[in-house]
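Peer 1: Sequence and computational prediction follow.
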Amino acid sequence: MSSGSGNAYCEDTDQGKNCGDAVTPTGVYRYQRRIDGWREAPLGRLYKPVYFNGGIAVHGAPSVPNHPASHGCVRIPMSIAEYFPSLVANGDTIEVFRS
(Lines give C-alpha, C1' and ligand atoms only; values in the text may rest on other atoms or scores of the structure.)
Protein backbone atom coordinates (compact mmCIF):
# COMPACT_ATOMS: atom_id res chain seq x y z
CA MET A 1 0.00 0.00 0.00
CA SER A 2 1.03 3.57 -0.53
CA SER A 3 -0.33 6.50 1.42
CA GLY A 4 0.47 10.13 0.90
CA SER A 5 2.30 12.87 2.70
CA GLY A 6 -0.59 14.49 4.54
CA ASN A 7 -1.08 17.46 2.18
CA ALA A 8 -4.69 18.44 1.47
CA TYR A 9 -6.09 17.65 -1.99
CA CYS A 10 -9.59 18.14 -3.41
CA GLU A 11 -11.28 16.47 -6.36
CA ASP A 12 -14.62 17.18 -8.03
CA THR A 13 -16.67 13.97 -8.23
CA ASP A 14 -20.19 13.18 -9.37
CA GLN A 15 -21.18 13.41 -5.67
CA GLY A 16 -19.61 16.87 -5.25
CA LYS A 17 -16.22 18.02 -4.03
CA ASN A 18 -14.17 15.34 -2.29
CA CYS A 19 -11.28 16.60 -0.16
CA GLY A 20 -8.73 14.53 1.65
CA ASP A 21 -5.48 14.83 3.50
CA ALA A 22 -3.45 12.56 1.19
CA VAL A 23 -3.26 9.79 3.76
CA THR A 24 -5.07 6.51 3.22
CA PRO A 25 -7.89 6.63 5.80
CA THR A 26 -7.77 3.80 8.35
CA GLY A 27 -10.90 1.85 9.18
CA VAL A 28 -13.26 -0.78 7.82
CA TYR A 29 -15.03 0.10 4.57
CA ARG A 30 -17.06 -1.58 1.84
CA TYR A 31 -16.21 -1.57 -1.83
CA GLN A 32 -18.73 0.74 -3.51
CA ARG A 33 -18.11 1.04 -7.23
CA ARG A 34 -15.55 0.35 -9.91
CA ILE A 35 -14.37 1.49 -13.32
CA ASP A 36 -13.07 -0.91 -15.95
CA GLY A 37 -9.98 0.48 -17.63
CA TRP A 38 -8.26 3.81 -17.07
CA ARG A 39 -9.74 6.76 -15.18
CA GLU A 40 -8.25 10.19 -15.70
CA ALA A 41 -8.43 12.06 -12.39
CA PRO A 42 -7.09 15.49 -11.39
CA LEU A 43 -4.37 13.84 -9.28
CA GLY A 44 -3.36 11.21 -11.82
CA ARG A 45 -4.39 8.12 -13.72
CA LEU A 46 -6.02 5.12 -12.03
CA TYR A 47 -6.17 1.69 -13.67
CA LYS A 48 -9.28 -0.39 -12.92
CA PRO A 49 -10.08 1.47 -9.68
CA VAL A 50 -12.32 -0.18 -7.09
CA TYR A 51 -13.57 2.57 -4.76
CA PHE A 52 -14.13 1.99 -1.05
CA ASN A 53 -14.37 5.42 0.63
CA GLY A 54 -15.74 8.09 -1.67
CA GLY A 55 -12.86 8.93 -4.01
CA ILE A 56 -10.36 6.53 -2.36
CA ALA A 57 -9.69 3.37 -4.37
CA VAL A 58 -7.55 0.31 -4.79
CA HIS A 59 -6.14 0.72 -8.30
CA GLY A 60 -3.38 -0.28 -10.62
CA ALA A 61 -0.42 2.04 -11.12
CA PRO A 62 2.71 1.76 -13.27
CA SER A 63 4.80 2.73 -10.22
CA VAL A 64 4.26 1.19 -6.77
CA PRO A 65 7.17 2.36 -4.60
CA ASN A 66 7.84 0.89 -1.16
CA HIS A 67 7.27 4.26 0.51
CA PRO A 68 4.27 6.62 0.81
CA ALA A 69 3.65 8.18 -2.59
CA SER A 70 -0.07 8.26 -3.43
CA HIS A 71 -2.67 10.91 -2.64
CA GLY A 72 -4.49 8.47 -0.36
CA CYS A 73 -5.39 5.59 -2.67
CA VAL A 74 -4.02 2.07 -2.42
CA ARG A 75 -1.72 1.34 -5.37
CA ILE A 76 -1.27 -2.19 -6.68
CA PRO A 77 0.95 -3.43 -9.54
CA MET A 78 -0.60 -3.38 -13.00
CA SER A 79 -0.37 -7.18 -13.28
CA ILE A 80 -2.50 -7.59 -10.14
CA ALA A 81 -4.90 -4.82 -11.20
CA GLU A 82 -5.81 -6.95 -14.22
CA TYR A 83 -7.63 -9.49 -12.03
CA PHE A 84 -8.11 -7.77 -8.64
CA PRO A 85 -11.61 -6.42 -9.44
CA SER A 86 -12.82 -9.98 -10.09
CA LEU A 87 -11.73 -11.00 -6.57
CA VAL A 88 -13.92 -8.46 -4.74
CA ALA A 89 -17.58 -7.55 -5.06
CA ASN A 90 -19.33 -4.28 -4.25
CA GLY A 91 -20.29 -4.62 -0.60
CA ASP A 92 -17.23 -6.71 0.36
CA THR A 93 -15.23 -5.23 3.22
CA ILE A 94 -11.72 -3.81 3.16
CA GLU A 95 -9.78 -3.00 6.33
CA VAL A 96 -7.13 -0.30 6.13
CA PHE A 97 -4.61 -0.09 8.96
CA ARG A 98 -1.14 1.29 9.64
CA SER A 99 1.66 -1.25 9.89
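Peer 2: That came through fine.
Peer 1: Leaving out chain neighbours, which residue sits closest to F84?
Peer 2: I76 (6.1 Å; C-beta to C-beta, 6 or more residues apart in numbering). To be clear about C-beta, it is placed using only N, CA and C from the backbone, and glycine gets the same treatment.
Peer 1: pull the longest strand from this protein.
Peer 2: Criterion DSSP state E: the longest strand present in the chain is strand 44-53.
Peer 1: Please name every helix or strand in contact with that strand.
Peer 2: strand 27-30, strand 33-34, strand 38-41, strand 56-61, helix 78-81, helix 84-87 (3 or more C-beta pairs under 8 Å, 6 or more residues apart in numbering; DSSP states H and E).
Peer 1: Burial check on K48, number of neighbours?
Peer 2: Counted with other C-beta atoms under 10 Å, residues neighbouring K48 total 23.
Peer 1: pretty sure it contacts A61?
Peer 2: No - counting by C-beta atoms under 8 Å, K48 sits too far from A61 to count as a contact (10.4 Å).
Peer 1: give me every residue that touches the residue nearest to F84.
Peer 2: Counting by C-beta atoms under 8 Å, 6 or more residues apart in numbering, I76 touches V58, H59, G60, A61, V64, F84.
Peer 1: Between those, which has the least confident prediction?
Peer 2: The lowest pLDDT within the contacts of I76 belongs to V64, with 92.
Peer 1: unless I'm mixing things up, that residue is touching R75, no?
Peer 2: Yes - the pair V64 and R75 passes the contact test of C-beta under 8 Å, sitting 4.7 Å apart.
Peer 1: more crowded one of the two?
Peer 2: R75 (23 against 17).
Peer 1: Next, the contact list for the spatially most central residue of the chain, please.
Peer 2: In the chain, the residue lying closest to the centroid (C-alpha atoms, centre = their mean) is A57, at 2.2 Å. By C-beta under 8 Å, 6+ apart, A57 lies in contact with L46, P49, V50, Y51, C73, V74.
Peer 1: Of the residues you listed, which is the most crowded?
Peer 2: C73 leads those on contacts (other C-beta under 10 Å) with 27 neighbours.
Peer 1: shared neighbours of K48 and A61, anything?
Peer 2: By C-beta under 8 Å, 6+ apart, the residues touching both K48 and A61 are A81.
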